[in-house]
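Asker: Predicted model follows, preceded by the sequence.
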Amino acid sequence: MLKKRWRKILAASLVVGTLTFAPEIYDVENFSVVQAEVKLYTAMGVDYGNEIESQEIVKLRARDKAIKNAVKQAGVYLKTYSRSVNSELTDDEITAITSNAYELVGEPKYNRVIKQVSDQITLIVWEVTVDVNVDDAEIKNWRKRDSTERSKLINQTRDANEAAADNERKVEDLRKRANNITDEAERAQLKTEFDQADNEFLFNQKVEAGNKATYKGDFDAAEKFYTEAIELNPNNSEVYVSRGMLYSSNIIGIKYVNMFKNKSRGNSAKTYYELALADLNKAIELNPSNADNYALRGFTHSSFKKHQLALNDFARALQINPNCLIAYTFRSFHYSIIMKDNKLALADLNKAIELHPDNPAGYSMRALIYKAEEKYDLALDDFSKAIELEPHSPHHYSSRGDVYRELKMYYKAIDDYTKYIELQTAEDPEDILLSWGYYHRGECYEAIGETAKAQADKKKYEELEKK
């Protein structure tokens, strides 16, 4: 059980994806269910290009602007909706959700207009109208991600939007220069620069599509988009990291949890290990000063039980950046699960918590070690801190319930198992650990003489185990 929970915590840090899209959102404050709704948003995007530019790319730019305008509308609504279900989100969170969760409905509608600006300048204007859907239930799907995952999504979305804005500024500058062309050589040079900017735009589009597919847990689509992005720009280290960690996380998916809709696609853990290493090696080759990349490669080695290679990479990451949070986090997992050395694992987790005291995963991981060592008071403190920081995460409650059960504090254990069952059922009724919530709560009911409730929980446990 310890290994499974460690794996679930770490897996969430590696992949920004979720598999469940329930039609309801659970209001954990009032234990009520608020009906969610899929809403349609319509918006227009406009872009223009001169005769030097590729009109196909100008159309795509207009389409992208239309989608972003529709997503912005959805964000205004979701901000209000999140407040109505006692879960108000920040603007950054709303942007991350809407940018990744929208669904394009039907085909975009294109309108082409020719505008003669002067005797020398003719502009082709593309007006594009799109319809997109955004599901209110994405608020729930966002809440169930841990803080590390949410932070990664926010940063990823921010980076994508900044890259898009930078590319747009570059194109606008080229368009201004196009108004003052004096000869064919200058025209040819400008055409080359437009082609480069268009390639960058297409690369950004593929990365965004890959991020969106990863968010939704669609391995096949994410792999396809990241691969197409690499074909457009084989010298960008970050997209190798994105695809590499997709492969790396699938090692965990095969061995421990079903993380992707498409499962393993028939590939073995060894195949994904080799694919992940190839991508992470390339990322390190392109950007050898990035400590996180060594830590991620170290975790990939650790997942495949390559002990010394993992430790070498963690050490290299910390040599480059002594405050590399993920190096301490992943190495603590390696020490505890692979090397069975809780003393070293605790030292790394203490450092990780010092660096990031608001990250509930650090407390949860440390609490699991304290529990294994029967340091129950310390484990309770850490699980309670994790719950304080992340009150909507079901597994913190089940873990704390386990400690209360060990201490024979059955009423408190029942409260925590009940909370776990309620939250987990709303989040993912097929979770592999849900049955054990009923099993252990049933044990507690039996211990306090509530025989009927104990039997009901045992029956539910047996039903879930048969699935």
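Answerer: Here it is on my side, so go on. Residues are numbered from 1 along each chain as shown.
Asker: name the helices or strands packed onto the host helix or strand of Tyr272?
Answerer: Here Tyr272, judged by DSSP states H and E, is contained in helix 269-286. On a contact count with 3 or more CB pairs under 8 Å, 6 or more residues apart in numbering; DSSP states H and E, helix 269-286 meets helix 237-255, helix 291-303. Quick note: C-beta positions are derived from backbone N, CA and C, even for glycine.
Asker: any idea which of those scores lowest on pLDDT?
Answerer: Ranked by mean pLDDT, the helices and strands packed on helix 269-286 bottom out at helix 237-255, which scores a mean of 84.
Asker: ok, and for stretch 210-230, which residues are buried?
Answerer: Within stretch 210-230, the residues scored as buried using 16 or more other CB atoms under 10 Å are 210-219, 221-223, 225-226, 228-230.
Asker: Can you pull out the residues in contact with the helix holding Tyr272?
Answerer: The contact list for helix 269-286 (CB atoms under 8 Å, 6 or more residues apart in numbering) reads 235-238, 240-241, 243-245, 247-248, 250-251, 254-255, 264, 290, 293-294, 296-297, 300, 303-304.
Asker: mind redoing it with 6 Å?
Answerer: 237, 240-241, 243-244, 247-248, 250-251, 254-255, 293, 297, 300, 304 (CB atoms under 6 Å, 6 or more residues apart in numbering).
Asker: Low-confidence regions, the stretch 151-300 of the chain specifically.
Answerer: 252-267 (pLDDT under 70).
Asker: For ChimeraX, what selects the buried ones among the contacts of helix 269-286?
Answerer: The buried residues among those can be selected in ChimeraX (16+ other CB under 10 Å) with this line:
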select :237,240,241,243,244,247,248,250,251,254,293,297,300,304
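Asker: For the contacts of helix 269-286, which two are the farthest from each other?
Answerer: Greatest spatial distance among these (CB to CB): Ser237 and Lys255, at 27.3 Å.
Asker: show me where this protein has strands.
Answerer: Secondary structure of the chain (DSSP state E): strands at 24-27, 32-35, 38-49, 103-116, 122-135.
Asker: nearest to Leu368, of those strands?
Answerer: Comparing the strands of the chain by CB to CB, strand 24-27 comes nearest, at 25.4 Å.
Asker: ok, back up a step: can you list which of the buried residues of stretch 210-230 are found in helices?
Answerer: Among the buried residues of stretch 210-230, the ones falling in helices (DSSP state H) are 210-215, 219, 221-223, 225-226, 228-230.
Asker: Out of those, which two sit at the greatest distance?
Answerer: Pairwise over these, using CB to CB, the maximum falls at Tyr215 and Ile230, 19.3 Å.
Asker: Dump the strands of the chain to a markdown table, plus mean neighbour count and mean pLDDT.
Answerer: Compiled in a markdown table, those are given as follows (neighbours: other CB atoms under 10 Å; pLDDT from 0 to 100):
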| stretch | mean neighbour count | mean pLDDT |
| --- | --- | --- |
| strand 24-27 | 19 | 34 |
| strand 32-35 | 12 | 40 |
| strand 38-49 | 17 | 93 |
| strand 103-116 | 11 | 91 |
| strand 122-135 | 19 | 92 |
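Asker: In PDB, could you pull the C-alpha coordinates for the helix holding Tyr272?
Answerer: Output of helix 269-286 as PDB, limited to C-alpha atoms (Å, rounded to 0.1, in the frame of the first residue of the first chain):
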ATOM      1  CA  ALA A 269       7.700  -0.800 -19.800                       C
ATOM      2  CA  LYS A 270      11.200  -1.400 -21.200                       C
ATOM      3  CA  THR A 271      10.200   0.200 -24.600                       C
ATOM      4  CA  TYR A 272       8.800   3.300 -22.800                       C
ATOM      5  CA  TYR A 273      12.000   3.400 -20.700                       C
ATOM      6  CA  GLU A 274      14.100   3.500 -23.800                       C
ATOM      7  CA  LEU A 275      11.900   6.100 -25.500                       C
ATOM      8  CA  ALA A 276      11.900   8.300 -22.400                       C
ATOM      9  CA  LEU A 277      15.700   8.100 -22.100                       C
ATOM     10  CA  ALA A 278      16.200   9.000 -25.800                       C
ATOM     11  CA  ASP A 279      14.100  12.100 -25.400                       C
ATOM     12  CA  LEU A 280      15.600  13.200 -22.000                       C
ATOM     13  CA  ASN A 281      19.100  12.600 -23.300                       C
ATOM     14  CA  LYS A 282      18.400  14.900 -26.200                       C
ATOM     15  CA  ALA A 283      16.900  17.500 -23.900                       C
ATOM     16  CA  ILE A 284      20.000  17.400 -21.800                       C
ATOM     17  CA  GLU A 285      22.200  17.600 -24.900                       C
ATOM     18  CA  LEU A 286      20.400  20.700 -26.000                       C
END
